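Peer 1: Predicted model and sequence follow; I will ask about them next.
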Amino acid sequence: MVVITLQRDKCIGCNYCVEMNPVHFQMSKKDGKSVLIHSQNAKGFFTLKSPNRAIVESCELAAKACPVKIITVKEI
């Protein structure tokens, strides 16, 4: 299981996550912040759980590109 988390409130809208991984991230047209596609919101933490371990590499690229370090990728 792979768990990706985005602290959306701290997003600065740089778009790097989308450039690195457009399959799982997109920019909101409403506020210009990143959106983790198909995620669940829990108190400002948007979380996506997936059994597909193939997404780890692309999500880690997005996490490393984030200048404010608000994306985490964990394998459990």
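Peer 2: Yep, that arrived.

Peer 1: contacts, neighbours, all on C-alpha from now
Peer 2: Fine.

Peer 1: contacting residues around the longest helix seen in the chain?
Peer 2: Among the segments of the chain that qualify as a helix by DSSP state H, the longest is helix 56-65. With C-alpha atoms under 8 Å, 6 or more residues apart in numbering as the test, helix 56-65 has contacts from 2, 4, 16-21, 24, 69-73.

Peer 1: could the residues you listed be laid out in CSV, adding distance to Cys59?
Peer 2: CSV is the format used below for those (distance: C-alpha to C-alpha, whole Å):
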residue, distance to Cys59
Val2, 10
Ile4, 8
Tyr16, 12
Cys17, 8
Val18, 10
Glu19, 11
Met20, 8
Asn21, 6
His24, 8
Lys69, 13
Ile70, 12
Ile71, 9
Thr72, 8
Val73, 7
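
Peer 1: Can you flag the buried ones in the residues you listed?
Peer 2: Buried residues within the contacts of helix 56-65, counting neighbours by 16 or more other C-alpha atoms under 10 Å: 2, 4, 16-18, 20-21, 24, 70-73.
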